[in-house]
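In: I'll drop the sequence and a predicted model, then ask my questions.
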Amino acid sequence: MKKEVLLKQLGEKIREIRKDKGLTQTDLAHKVGKDQQVIHRLEIGDFNPTIYFLYEIAVGLGIALKDLF
């Protein structure tokens, strides 16, 4: 699988979970101590996050890291 496809799928999953939790991109950004633009880039697949950043996103969403995959 190409990196671009994987990042887009990951971003879509994060967006879906975030919306299901009733959070805005800004809400999630505040929870993880990042700028809203970083969350936006992550959700559109334009950002290649570290595993630790994905862990922070999972914590901010109140889910287990494995649930992002």
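Out: Received it, and whenever you're ready, just let me know what you need. Residues are numbered from 1 along each chain as shown.
In: give me every residue that touches Leu42.
Out: 10-11, 14, 49, 57 (Cβ atoms under 8 Å, 6 or more residues apart in numbering). From N, CA and C alone the C-beta is placed, and that goes for glycine too.
In: turn those into CSV, columns for distance to Lys66.
Out: Formatted as CSV, the contacts of Leu42 follow (distance: Cβ to Cβ, whole Å):
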residue, distance to Lys66
Leu10, 13
Gly11, 17
Ile14, 14
Pro49, 15
Ile57, 13
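In: tell me which two in those are the farthest apart.
Out: Gly11 and Ile57 (10.5 Å; Cβ to Cβ).
In: who has more neighbours, those two?
Out: Neighbours were counted for Gly11 and for Ile57 using other Cβ atoms under 10 Å; Ile57 has more, 23 against 20.
In: and the helices in the protein?
Out: Along the chain, the segments classed as helices by DSSP state H run 3-20, 25-32, 36-43, 51-61.
In: switch the contacts of Leu42 over to TSV; also include distance to Gly33 and pLDDT.
Out: Formatted as TSV, the contacts of Leu42 follow (distance: Cβ to Cβ, whole Å; pLDDT from 0 to 100):
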residue	distance to Gly33	pLDDT
Leu10	20	97
Gly11	19	97
Ile14	16	98
Pro49	14	96
Ile57	11	98
